[in-house]
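Visitor: The following block contains a protein sequence and its predicted model.
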Amino acid sequence: AQSVSQHNHHVILSEAASLELGCNYSYGGTVNLFWYVQYPGQHLQLLLKYFSGDPLVKGIKGFEAEFIKSKFSFNLRKPSVQWSDTAEYFCAVTNTGGFKTIFGAGTRLFVKA
Amino acid sequence: GAGVSQSPSNKVTEKGKDVELRCDPISGHTALYWYRQSLGQGLEFLIYFQGNSAPDKSGLPSDRFSAERTGGSVSTLTIQRTQQEDSAVYLCASSPPTGGSSYNEQFFGPGTRLTVL
């Protein structure tokens, strides 16, 4: 069955700490991968996406993610977090050319000022 | 431009009643999605539309759930004979047509918080 696993449900960091959120997926065929973010009181919005090409993709606000096909992973990273990065982060996968999207359970990040 | 809008923002209903949730996608977006987010859970895919057609209804939890989309625009999610386990936030998202830079990116609405007493 298709699934997306996010390893950490809650993460607490101090400002300037480095961030890595894990995401593994189980999905047959070629995939498109996404990270979405939901800031407190706001809608879900796209952080970054991978369709093809360079497996290291850069998104908004200094975030990046690396697609490792052999590990079925798409981990999200940021070298130095800020208090404003406090939010819930969702990894998602879609089969290439398709529309059905499977989301992970989300990771709540709290950054202490 | 205007984003995805959903109404009502909150709905409290009694067990056994029917409810209708509305989604207005971004103008010109051909794909429309419904998700359910229960407390502490991720987004559960319910259904998606391509135009007015729903190629994938596999996520609808039971036959009490149905959805339609008219004119390639507004969509309504209907839950009949609501149960307490239906309480959740129902999210709608839309995507632009293929070929653009935002292809397959989903633009989300604010959600409808449904509470079944």
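Guide: Ah, there it is.
Visitor: elements contacting the helix or strand bottoming out on mean pLDDT in chain A?
Guide: Ranking every helix and strand in chain A by mean pLDDT, DSSP states H and E puts strand A:101-103 at the bottom, with a mean of 90. The contact analysis (3 or more CB pairs under 8 Å, 6 or more residues apart in numbering or on different chains; DSSP states H and E) places strand A:101-103 against strand A:3-6, strand A:87-95, strand B:43-50. (Each C-beta comes from the backbone N, C-alpha and C, glycine too.)
Visitor: SS state for the nearest residue to residue B:17 once chain neighbours are set aside?
Guide: The shortest distance from residue B:17 to any non-neighbouring residue, by CB to CB, 6 or more residues apart in numbering or on different chains, is to residue B:82 (5.6 Å). Assigned with DSSP: H, G, I helix; E, B strand; the rest coil, residue B:82 falls in the coil class.
Visitor: what sits against residue B:82?
Guide: Neighbour list for residue B:82: B:13-19, B:64, B:114, B:116 [criterion: CB atoms under 8 Å, 6 or more residues apart in numbering or on different chains].
Visitor: which pair in those residues spans the largest distance?
Guide: The distance between the two most remote of the contacts of residue B:82 (CB to CB) is 14.9 Å, for B:14 and B:64.
Visitor: Just want to know which of the two has more residues nearby.
Guide: Set residue B:14 next to residue B:64 and count neighbours by other CB atoms under 10 Å in any protein chain shown: residue B:64 wins out with 14 against 8.
Visitor: how distant is the helix or strand bottoming out on mean pLDDT in chain B from the center of its chain?
Guide: Every helix and strand in chain B was compared by mean pLDDT, DSSP H and E; the lowest is strand B:53-56, with a mean of 84. Averaging C-alpha positions (CA atoms, centre = their mean, to the nearest Å) puts strand B:53-56 13 Å from its chain's average.
Visitor: Beyond that strand, next helix or strand please.
Guide: strand B:65-69 (DSSP states H and E).
Visitor: Tell me where chain B has strands.
Guide: Secondary structure of chain B (DSSP state E): strands at B:5-7, B:10-13, B:19-24, B:31-37, B:43-50, B:53-56, B:65-69, B:75-79, B:88-95, B:107-108, B:112-116.
Visitor: Tell me if the third one is near chain A.
Guide: No - Strand B:19-24 does not reach chain A (CB under 8 Å from any CB of the partner chain); its nearest approach is 12.8 Å.
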